[in-house]
Structures are given as structure tokens and as C-alpha cells.
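Undergrad: sequence unknown, structure follows:
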């Protein structure tokens with residue numbers, strides 16, 4: 001797999017990966033409307049936000065791409081994506097959750113995540129924040145997400161800053177803990193509509209995790225440090 005900077009041509013694939021990954025995993029799927037991957041409003045919104053991050057100076061969007069030979073297809077395939085905030089001076093107003101009325105649960109999820117970021121990371125020293133880390137469900141379990149995370153750690157190492165993230169998926173918690181991230185606490189998520197009309201199910205939680213600058217240096221991402229330097233100079 002090749003890790004490279006995302007381009008505008010990757011936007012449709014990025015949106016498809018994010019929505020497919022979210023629809024396949026707790027807690028994200030609890031907040032998605034039915035048929036989210038085919039919802040034109042939601043697809044267009046995620047594409048617009050992804051495109052904004054690609055051109056923004058305070059973001060880094062990288063993708064994992066399989067060659068045609070690796071993917072078994074006629075052309076290369078983007079299978080994983082990471083979106084990093086590279087400055088923590090201010091939080092950008094670019095919600096990944098569409099604000100239309102029928103996406104109210106997604107908007108509530110987004111609000112909870114923003115509160116969690118404010119609670120746990122607002123007082124942190126300068127750091128990178130991992131907004132999105134997603135691999136297509138058909139390509140999971142092969143280390144692609146870990147490779148993109150190590151890429152970000154290499155960037156943090158070069159900048160001598162830490163890395164912060166919120167994760168709700170069990171596999172995400174295992175990944176970040178295994179890389180040396182420290183658990184800071186719980187971010188409560190809002191209740192979701194129950195399966196029966198007029199009912200609610202209990203909200204789930206996210207975990208806030210951090211790797212400080214010293215731990216990032218000790219992690220020694222190795223080859224990823226050189227690769228990160230190649231992309232950003």
C-alpha cells in the first residue's frame with residue numbers, strides 16, 4: 001500500500017470510505033440515517049467537507065492506496081483515509097454531520113464530539129488532532145489504518161508536538177492503545193432513537209486519547225518520518 005497526500009480526484013472515494021466505515025461500526029452506525037451511503041445530501045456534504053480539508057493549510061489529508069496488482073482491479077484503489085488538524089489555534093466550523101432536519105442525530109453526535117474535544121484537549125499544548133481515520137470495511141484487518149496513524153505520528157514528531165484523538169469503536173481503542181496513546185476519559189454521546197417509534201436507546205461513549213510530544217518522540221516512527229518529510233518538505 002502507498003500512503004500519499006489526497007487530491008480532489010480522491011474526494012468521491014474518501015466520502016464513500018467514511019460513510020461505509022461509519023455504517024459498519026458502533027457507535028457511528030447508530031447515528032446514521034438509513035441508507036446513509038446512498039443519501040445524496042449526506043454524500044455531497046461529506047464530499048464538500050473532505051474537499052475543504054484537502055485545500056486547507058491547517059489540515060493534512062492522506063490516503064492509503066493499493067496498486068492495481070494489490071487490489072486485483074484494473075486501476076489503483078483508495079482503501080483508507082486520515083484527516084488531521086495540523087494546528088490547534090482554533091477549531092474550524094466544518095461539521096462532518098449535515099445539519100438538515102432529518103440528520104438531527106448526526107448533528108447531536110457532532111456537537112458531543114466538539115464538547116469532548118473542548119473538555120479534554122483545549123488546554124493541551126500544541127498537538128495534531130486526528131479528525132477521521134477510516135478504512136473501507138472490505139479492506140479492514142490489514143494494517144492500513146495503523147499505517148496512516150503512524151504517518152501522523154511522524155508528522156507530530158517532526159513538529160515536536162503531541163497527537164490527540166476521540167474514538168468510539170473497539171478496534172480504534174485497541175489500535176491507539178497499542179500505539180501508546182493514553183486514555184484521558186469518556187465523552188458521553190446523546191441517546192439515539194430506539195427501534196420502536198417514540199422510544200430511545202441509551203447513548204454510547206467515546207474515549208479521548210492522547211500521546212504527548214515526548215511519547216511521540218519515543219515511538220520513533222522510523223521510515224514514516226522520512227516519508228512525511230518527502231510530502232511536506
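TA: Done, it's in. Bear in mind that the values here come from a model prediction, so they are computed numbers and not experimental data.
Undergrad: what sits against the residue nearest in space to the middle of the chain?
TA: Taking Cα atoms, centre = their mean, the centroid of the chain lies closest to residue 132, which sits 1.0 Å from it. Taking Cβ atoms under 8 Å, 6 or more residues apart in numbering, we find residue 132 in contact with 18, 81-83, 96. No exception for glycine: its C-beta is placed from N, CA and C like everyone else's.
Undergrad: Pipe those residues into TSV and attach pLDDT and distance to residue 67 per row.
TA: Conversion of the contacts of residue 132 to TSV gives the following (pLDDT from 0 to 100; distance: Cβ to Cβ, whole Å):
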residue	pLDDT	distance to residue 67
18	96	22
81	98	17
82	98	19
83	97	23
96	54	29
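Undergrad: Could you point out the helix or strand that follows the helix or strand where the residue nearest to the centre of the chain lies?
TA: Using DSSP states H and E, residue 132 sits in strand 127-135. Using DSSP H and E, the helix or strand that follows strand 127-135 towards the C-terminus is helix 144-159.
Undergrad: Does anything pack onto the helix or strand just after that next one? Which helices or strands?
TA: Counting by DSSP H and E, the next helix or strand C-terminal to helix 144-159 is strand 162-167. Packing partners of strand 162-167 (3 or more Cβ pairs under 8 Å, 6 or more residues apart in numbering; DSSP states H and E): helix 104-121, strand 127-135, helix 144-159, helix 170-179, strand 205-211, helix 213-219.
Undergrad: Could you check the angle the fourth one makes with strand 205-211?
TA: Here helix 170-179 points in a direction 20 degrees away from that of strand 205-211 (axes from the mean of the first three to the mean of the last three Cα atoms, to 10 degrees).
Undergrad: one step back: can you list the strands that the strand holding residue 132 pairs with?
TA: When sheet partners are counted by DSSP bridges, strand 127-135 sits next to strand 77-85 (antiparallel), strand 162-167 (parallel).
Undergrad: what bits of the protein have low per-residue confidence?
TA: For the chain, the stretches with pLDDT under 70 are 88-102, 193-203, 220-233.
Undergrad: Let's have the contacts of residue 132 in JSON lines, adding distance to residue 184 and neighbour count.
TA: Output for the contacts of residue 132, formatted as JSON lines (distance: Cβ to Cβ, whole Å; neighbours: other Cβ atoms under 10 Å):
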{"residue": "18", "distance to residue 184": "24", "neighbour count": "24"}
{"residue": "81", "distance to residue 184": "25", "neighbour count": "27"}
{"residue": "82", "distance to residue 184": "20", "neighbour count": "24"}
{"residue": "83", "distance to residue 184": "21", "neighbour count": "25"}
{"residue": "96", "distance to residue 184": "22", "neighbour count": "19"}
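Undergrad: Nearest to residue 182 among the residues you listed?
TA: Nearest to residue 182 out of those is residue 82 (Cβ to Cβ; 20.0 Å).
Undergrad: Bridge partners for the closest one, pull those for me.
TA: Beta bridges link residue 82 to residue 62, residue 133 when assigned by DSSP bridges.
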